[in-house]
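Student: Based on what follows, work out the 3D shape:
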Amino acid sequence: METVQLVKVSEIRPGNNDRKHFDENALLDLAMSIKANGLAQPITVRPIKGEHRFEVVAGERRFRAVSQVLKYETIPALIRELNDEEASAIMLVENTGRTDLNPTEQSDAFQSRILQFGWSIEKIAEIAGVTEDLVKRRLSLQELVPEAWHLVSCGQLPVGHAEAITPLDNNRQRIALRILNQNPSLPYRHFRHIVNDLIEEQSQDSLFDLENFWVEQVKQEEMPTRGKRAFTGAPSRTDLPPVQMMEK
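Tutor: Numbering: from 1, shown residues only. Sure thing, here's the model as predicted:
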């Protein structure tokens, strides 16, 4: 039976949320809205076996706004008996249907359901309400080297650039990042051309010669128009942010 009742916030704990970062300003805005207008929708919780406590299934942002910002002692909650997989499905719908997860959070969310429950790409897409292509592209981020993963998580590397380098081995991913760091305003189409060149050369021995070649090209803001590495086509972007490398 599902019931809505006031539950003490001290008896509720957060669940294993896909969202790892909660923006403080956004929580404050949500708290002020709840204070002024009330909680429009109760959170969803499930009983924790063997304890007189509950776990948040959906509505952790609302729970945090009420408990951490407003310091209310109770919160309206829909209490549901759910197993781990059912709770995981509801959480995914909640997170993808309201405020989007960042790309690496999405990647981890999709990957965890494959590993824990054996979900297919089709099932993830259906439950999350996204395309199968997006699921595949986000899952490809699992192949990123730690530096690239961190840059995407921080919003310092566009997800399209990150997805482009996932077919590369670890060394070539780092080369692609170093090349981009030499000219952070390098248009995406040019960057894809460089990545394609790295993919082509992946099984050959000219790894570092290729890096030196492209570093010199992007430093000079030049792209070859003839020969094997020729690039044709007008640039489409000139607004790439600086790429900052992680220190080991």
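Student: Show me where the protein has its helices.
Tutor: With DSSP state H as the definition, the chain shows helices at residue ranges 24-37, 60-64, 84-97, 103-117, 121-128, 132-140, 146-153, 159-165, 170-182, 188-200, 207-219.
Student: Just the buried residues of the third one, please?
Tutor: Of the residues in helix 84-97, those scored as buried under the neighbour-count criterion (16 or more other C-beta atoms under 10 Å) are Ala87, Ser88, Ala89, Ile90, Met91, Leu92, Glu94, Asn95, Thr96. Placement of C-beta: from N, CA and C, glycine included.
Student: and Ile12, which of the helices of the chain is closest to it?
Tutor: Distances from Ile12 to each of these were compared using C-beta to C-beta; the shortest belongs to helix 60-64, at 6.5 Å.
Student: Which neighbouring elements make contact with the closest one?
Tutor: When contacts are defined as 3 or more C-beta pairs under 8 Å, 6 or more residues apart in numbering; DSSP states H and E, helix 60-64 sits against helix 24-37, strand 43-47.
Student: Check the offset of the last one from the chain's centre.
Tutor: Taking the mean C-alpha point of strand 43-47 and that of its whole chain, the gap between them comes to 25 Å (C-alpha atoms, centre = their mean, to the nearest Å).
Student: Next, the angle helix 84-97 makes with it.
Tutor: Using axes from the mean of the first three to the mean of the last three C-alpha atoms, to 10 degrees, the direction of strand 43-47 lies 170 degrees away from that of helix 84-97.
Student: What's the mean pLDDT across strand 43-47?
Tutor: The average of the pLDDT scores along strand 43-47 is 95.
Student: Pull out the buried residues from it.
Tutor: For strand 43-47, the buried set under the neighbour-count rule, 16+ other C-beta under 10 Å, comprises Ile43, Thr44, Val45, Arg46.
Student: ok, so of these, who is nearest Leu78?
Tutor: Checking these against Leu78 by C-beta to C-beta gives Thr44 as the nearest, at 4.7 Å.
Student: distance of that closest one from Ala58?
Tutor: Distance of Thr44 to Ala58, computed by C-beta to C-beta, to the nearest Å: 4 Å.
Student: Find residues that contact each of those two.
Tutor: Common contacts of Thr44 and Ala58, defined by C-beta atoms under 8 Å, 6 or more residues apart in numbering, comprise Ile90.
Student: if we can go back for a sec, closest one to Leu151 among the helices and strands packed on helix 60-64?
Tutor: Using C-beta to C-beta as the measure, helix 24-37 is the one of the helices and strands packed on helix 60-64 that comes nearest Leu151, at 22.2 Å.
Student: pLDDT score for Gln182?
Tutor: Each residue has a pLDDT score; the one for Gln182 is 89.
Student: quick one, what contacts it?
Tutor: For Gln182, the contacting residues are Val215, Val218, Lys219, taking C-beta under 8 Å, 6+ apart as the criterion.
Student: Among the residues you listed, name the buried ones.
Tutor: Val215, Val218.
Student: just for the chain, where's the confidence low?
Tutor: Low-confidence regions of the chain, defined here as pLDDT under 70, cover residues 1, 97-100, 203, 205-210, 220-248.
Student: So for stretch 6-16, what gets flagged as buried?
Tutor: Neighbour counts over stretch 6-16 (16+ other C-beta under 10 Å) mark Val7, Val9, Ile12, Gly15 as buried.
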